[in-house]
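Q: Structure for this input, please:
(2 chains)
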Amino acid sequence: MTGSAPLLEGAAVIALWWVAIGLAGLVRARSILFVGRVLFPLGAVGGIALAAVALSAILQAPQSLVLPLGLPDLPFHLRIDSLSAFFLLLLGAAGAGISVFAAGYFRSGEGTAPGLLCLQYHVFLASMAMVLLADDAYLFMVAWETMALSSYFLVTTQHRIPEIRRAGFIYLLVAHVGALGILLCFGVLHGGSWDFTFDAMRAAQLDPRWATAAFGLALFGFGAKAGIVPLHVWLPEAHPAAPSPVSALMSGVMLKTAIYGVLRVTFDLLHTQHWWWGGAVIALGLFSALFGVVFAAAQTDMKRLLAYSSIENIGIVFLGIGLTIQFQAFGMKTLAALTLAATLYHCLNHAFFKALLFLATGSVLHATRERSLGKLGGLIHRMPWVAWLALVGTLAIAGLPPLNGFVSEWLLLQSFLFTPELPHAFINMLVPIGAAALALTAALSAYVMVKFYGVIFLGRPRETDLSHAHDCGRLERLGLLWLAVGCVLLGLLPVPMLALLDRVNALMLGATLGEQAQSWWFLAPVSAQRATYNPAVFLLGILVAFVLTYWGVRRLYHGRVRRADPWDCGYPLQTSRMQDTAEGFGQPIRQIFEPFFRMKRELPSPFDLAPRYRVEIEDHVWHWLYLPVAWAVEGTSRLIGRLQQGRIAVYLLYSFITLIGLLVLVL
Amino acid sequence: MNATGLVSQLAEILVAVAAAPLLMGWVGQCRAWLSNRSGAGLLQPYRMLRKLFQKDAVIAHNASTLFRFVPYLQFATMALAAAIIPSLSTDMPFTRAADAIALVGLFALARVFISLAAMDIGTSFGTLGARREMLVGFLAEPALLMVFFTASLISASTSLPTIVDTLAHRELAIYPSLAFAAIAFLMVLLAENARIPIDNPSTHLELTMIHEAMVLEYSARHLALIEWSAALKLFNYACIGIALFLPWGIIPDSDPVGLLRAVVVLALKLGAFGFGLALIETLSAKMRIFRAPEFLGTAFMLAVLGMLVRLLLGS
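A: Sure, this is the predicted structure:
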């Protein structure tokens, strides 16, 4: 290794550490105790160390290294700058919580042996770190593919179930189609120099048309990984199939590597941005966000619901990226900085609350063996730890103050309010529509999360088995607690976070939020006259008002309580089946947004002796895009297959015809 | 933060908390007069609260802690909302901690918690009410946000005192954008406060109820707090409407005499508002619940239209 780059070396060593832990898992592959109690906690330590390294790297100048490894004459290049350090921070901090949870979560007898699982899991972590550290296209692609493959094996942990194998296949397929897009994007970006280091790409001068091609390919390739509509189909299949810590890692962290890729290509490797790129990304993002949340409302499987909610959140992130591109293209540097900060903030928030909720569903799954919302209920009494910690995640993802989801939403809405200064009338018209759609999405996500939380944790158990449900173990609690505390802190301390994000702004956009963002007490982007928000005071206000109310009522009156049966308007025959099911709770949304869904309904007639109600919801995209493409591919291969006759004489004839053809061409 | 600001801040919260049931009583009285009844008097809501506070609370066996703390939280959030909305004076230190977007977030927080509490017991009416409340909420919340956005585009700020200052000091001209926003806001107000035509606050045991269905399981002090916070919510919404569309009379400082005058002005405005609300409720019939999305969708579209008018025509 050359040069001095202590932080970069540190990050690379942690990646190696993870690989070593993974390999150590093979030593005693069947011992759940060794893998769970020793190796996974060590992996979590690696995560915390990575977060610490990344935190100091955000504040420092970029560092780079050339590794002596790699292909002949093509050494691997590594680099850590504010952008990659920010995403490493996300990976380390969220990954640590997930690893601690995983330490208590994995049991033997669930498909893949624990040791092998440990290897796949830690290689997955290490490959994500390498994706973020890579500074040339080769290493990037190698790490990217390792990430895709290791996560594929993790998704198919329970490979004996056919649906899970199918989900894994779809995931792998989309991942590879996306990887092709990224590969082609790098092919355009080197700009004729045939040098595939990112430095060379930064130096390359691209024709606007080629730049647009590179941007489009990057959007396609990374969009497939991020799950932007219409490339989202793998997401609701793969997330529920994977074990919960893996779902948490994929949804919370892996999707963000795709966001990193888009940002790296758009703002670092390319020099100029066109405003209409931004417009396209905004449109994609808005549609994904609305689509994701509407579908989430209709789901009856808790992990699928969360997967669709990930599509929504990725949509919001893309919306932020699109706005940033527009501001940057019109030279409004401060606003671009504000929007990029909001976007990155939302990435970090999503990593925390989505991981928290996926892990909580994991605990519920272990306690009840049930994933379908229609068979859960009342778990707040049986699993208080999981329920109360999941409540934090629920409020955060619903975008409620003073938690973290609200901060990024607030920042994004602020940047929308600034947009009227854009010099393009057409765009100006789209602004209120965009802001309205964002507000609608946020409000809908509250609907979805009330459904999620209420049906799982509140009410009465819908099945009698649920009385055996037990709370999660100590390590699992610790993992959940870590993420929940992260949600609260990110919500309460936006000002120091923005100061960190401003370093990324400076690197990516060459602009910062400026003086106003430096006020350490109130969050006041751009100017204090314009808008201020202080979550800590806000929370304090709620708490003081709460305590005063409680104290006042108790003091002036009394605290007497009598327990009785539920009232329910005096109706005597209540069963737990009379509560809303997940289908029932989603029904209004299904009705209002009917064109979004492809529904098959089976309604009983009043004369049915055994009435049956069934509703099946499918995605239009499958029928409009994927199935036609699949048919076209199959049809074409069948046509080409006709060439294959299996007789040597025919093949000789082919060679002869080819030769003649070539001769004609030459002469 | 200065001491005088604190005075107007406290005055604002106290006036809101104390006068909210009075507003409810006034609306009820007006409704009674309009339908040729003599009515129960202005103080009826206070008597009701006193009765409820004195009773023993009855709680279902399977109620969780969440169920028990939500009424206090409801009251706390609505009291805090009163601290954000400038109804008497724009010299309010707390508004620096929360702007218009945070105010909408605060209402959303209250809504989510009361819906969760309604689902806690696991009765058929409770979950039904929660679902309907969220249905109304997911359309009303963005509409309210768009109304605020229209106003904040005019004043280039999302801070409520700045909005009120700007709007109060403009020349007396009708902004078309604000007119759209005002209609949208009125519709949101009716929906969010469980008034006719979306919901009927004075009914019980009706299959179309929303708010009442959610709070069926509450009794005594818990119910009292919820009723009081519902009254506070109506008061708050009325004050938002006044702040955005009739801001004249809200003073810029914390002068005690000025504050007293502002209280009188506010009382007059609220009186007119209460009569108008009673008139609307008397003249219209309750809608079927399936029509509620259309009603709120219209409100949402009008609010977006207001913003578009502001952006494209600058008026």
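
Q: Next, residue A:531: phi, psi?
A: phi -170, psi 140 (degrees, to the nearest 10).

Q: Who are the contact partners of residue A:470?
A: Under the criterion of Cβ atoms under 8 Å, 6 or more residues apart in numbering or on different chains, the contact partners of residue A:470 comprise A:367, A:382, A:383. Any C-beta I mention is one placed from the backbone N, CA and C, and that applies to glycine too.

Q: Not counting its own residues, what contacts the helix or strand hosting residue A:654?
A: Following DSSP states H and E, one finds residue A:654 within helix A:648-666. The contact list for helix A:648-666 (Cβ under 8 Å, 6+ apart) reads A:643, A:645.

Q: Then stretch B:219-231?
A: A:549, A:553, A:557, A:567, B:20-21, B:23-24, B:45, B:48-49, B:52-53, B:55-59, B:68, B:71-72, B:74-75, B:77-78, B:110, B:114, B:193-194, B:201, B:211, B:215, B:218.

Q: Export it to PDB, keeping only CA atoms.
A: Taking C-alpha atoms only, stretch B:219-231 is exported to PDB below (Å, rounded to 0.1, in the frame of the first residue of the first chain):
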ATOM      1  CA  SER B 219     -65.300   6.800  30.100                       C
ATOM      2  CA  ALA B 220     -65.000   9.300  33.000                       C
ATOM      3  CA  ARG B 221     -61.800  11.400  33.100                       C
ATOM      4  CA  HIS B 222     -60.400   9.800  30.000                       C
ATOM      5  CA  LEU B 223     -63.500  10.700  28.000                       C
ATOM      6  CA  ALA B 224     -63.600  14.200  29.600                       C
ATOM      7  CA  LEU B 225     -60.000  14.800  28.300                       C
ATOM      8  CA  ILE B 226     -60.900  13.500  24.900                       C
ATOM      9  CA  GLU B 227     -64.000  15.700  24.700                       C
ATOM     10  CA  TRP B 228     -62.000  18.600  25.900                       C
ATOM     11  CA  SER B 229     -59.300  18.100  23.400                       C
ATOM     12  CA  ALA B 230     -61.900  17.700  20.600                       C
ATOM     13  CA  ALA B 231     -63.200  21.100  21.700                       C
END
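
Q: List the buried residues of that stretch.
A: Neighbour-count burial for stretch B:219-231 flags B:219-231 (criterion: 16 or more other Cβ atoms under 10 Å in any protein chain shown).

Q: between the residues you listed, which is closest to chain A?
A: Taking Cβ to the nearest Cβ as the measure, chain A lies nearest residue B:221 of the buried residues of stretch B:219-231, at 5.5 Å.

Q: Could you list the low-confidence segments of the chain?
A: Since you didn't name a chain, this refers to chain A. Under the criterion pLDDT under 70, the flagged ranges of chain A are A:1-3, A:108-110, A:420-422, A:514-522, A:526-528.

Q: please go with chain B instead
A: Regions of chain B meeting the criterion pLDDT under 70 cover residues B:1-3, B:171-173, B:204-206, B:315.

Q: just the strands in it please.
A: In order along the chain, chain B carries the following strands (DSSP state E): B:57-60.

Q: quick one: furthest residue from the center of chain B?
A: Distance from the C-alpha centroid of chain B peaks at residue B:61, with 32.3 Å (Cα atoms, centre = their mean).

Q: Which helix or strand lies directly C-terminal to whichever strand or helix holds residue A:20?
A: Element membership of residue A:20 [criterion: DSSP H and E] is helix A:6-27. Of the helices and strands lying after helix A:6-27 in sequence (DSSP H and E), the nearest is helix A:32-34.

Q: The next helix or strand after that next one versus helix A:6-27: what angle between them?
A: Scanning forward in sequence from helix A:32-34 by DSSP H and E, the next helix or strand is helix A:40-58. For helix A:40-58 against helix A:6-27, the angle by axes from the mean of the first three to the mean of the last three Cα atoms, to 10 degrees is 170 degrees.

Q: List the buried residues of helix A:40-58.
A: For helix A:40-58, the buried set under the neighbour-count rule, 16+ other Cβ under 10 Å, comprises A:40-55, A:57-58.

Q: so the residue farthest from the centre of chain B touches residue A:564, yeah?
A: Yes: contact between residue B:61 and residue A:564 holds when scored by Cβ atoms under 8 Å: they sit 7.2 Å apart.

Q: where's stretch A:206-225 relative to the chain centroid, distance-wise?
A: Centroid separation for stretch A:206-225 versus its chain: 21 Å, with Cα atoms, centre = their mean, to the nearest Å.

Q: So for the helix holding residue A:20, what gets flagged as buried?
A: For helix A:6-27, by 16+ other Cβ under 10 Å, it's A:7-12, A:14-15, A:17-22, A:24-25.

Q: tell me the contacts of residue A:472?
A: With contact set as Cβ under 8 Å, 6+ apart, residue A:472 has these partners: A:104, A:363, A:366, A:367, A:383, A:385, A:386, A:480.

Q: can I get those residues in TSV with distance to chain B?
A: Compiled in TSV, the contacts of residue A:472 are given as follows (distance: Cβ to the nearest Cβ, whole Å):
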residue	distance to chain B
A:104	25
A:363	18
A:366	21
A:367	17
A:383	12
A:385	13
A:386	13
A:480	18
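
Q: how about a markdown table for the residues you listed, with neighbour count and secondary structure added?
A: Output for the contacts of residue A:472, formatted as a markdown table (neighbours: other Cβ atoms under 10 Å in any protein chain shown; DSSP: H, G, I helix; E, B strand; the rest coil):
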| residue | neighbour count | secondary structure |
| --- | --- | --- |
| A:104 | 22 | helix |
| A:363 | 29 | helix |
| A:366 | 19 | helix |
| A:367 | 19 | helix |
| A:383 | 24 | coil |
| A:385 | 17 | helix |
| A:386 | 27 | helix |
| A:480 | 28 | helix |
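
Q: Distance check, the closest residue to the residue farthest from the centre of chain B other than its chain neighbours against residue A:246.
A: Spatially, and ignoring its direct neighbours in sequence, residue B:61 is nearest to residue A:563 (5.3 Å; Cβ to Cβ, 6 or more residues apart in numbering or on different chains). Plainly put, residue A:563 is 43 Å away from residue A:246 if you go by Cβ to Cβ, to the nearest Å.

Q: between these two, who's got more neighbours?
A: Between residue A:563 and residue A:246, residue A:246 has the larger neighbour count (other Cβ atoms under 10 Å in any protein chain shown), namely 29 against 11.

Q: Please name the residues that touch the more buried one.
A: Under the criterion of Cβ under 8 Å, 6+ apart, the contact partners of residue A:246 comprise A:121, A:124, A:151, A:154, A:155, A:157.

Q: now do residue A:60
A: Residue A:60 is in contact with residue A:7, counting by Cβ under 8 Å, 6+ apart.

Q: same thing with residue B:83?
A: Residue B:83 sits next to A:541, B:9, B:12, B:13, B:92, B:94, B:95 when contact means Cβ under 8 Å, 6+ apart.

Q: Out of those residues, which is nearest to residue A:614?
A: For residue A:614, the nearest member of these is residue A:541. The distance, counting by Cβ to Cβ, is 48.3 Å.

Q: Test my guess that that closest one contacts residue B:94.
A: Yes: at 6.7 Å, residue A:541 counts as touching residue B:94 under the criterion of Cβ under 8 Å.

Q: between the two, who's got more neighbours?
A: Neighbour totals were compared for residue A:541 and residue B:94, and residue A:541 leads with 22 against 19 (other Cβ under 10 Å).

Q: give me the element the more buried one is part of.
A: Using DSSP H and E, residue A:541 sits within helix A:535-556.

Q: Can you list the buried residues in that helix?
A: By neighbour count, and taking 16+ other Cβ under 10 Å as the criterion, the buried residues in helix A:535-556 are A:535, A:536, A:537, A:538, A:539, A:541, A:542, A:545, A:546, A:549, A:550, A:553.

Q: now stretch B:30-38
A: Within stretch B:30-38, the residues that qualify as buried are B:30, B:31, B:32, counting by 16+ other Cβ under 10 Å.

Q: would JSON lines of those with distance to residue A:503 be doable?
A: Formatted as JSON lines, the buried residues of stretch B:30-38 follow (distance: Cβ to Cβ, whole Å):
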{"residue": "B:30", "distance to residue A:503": "59"}
{"residue": "B:31", "distance to residue A:503": "60"}
{"residue": "B:32", "distance to residue A:503": "64"}
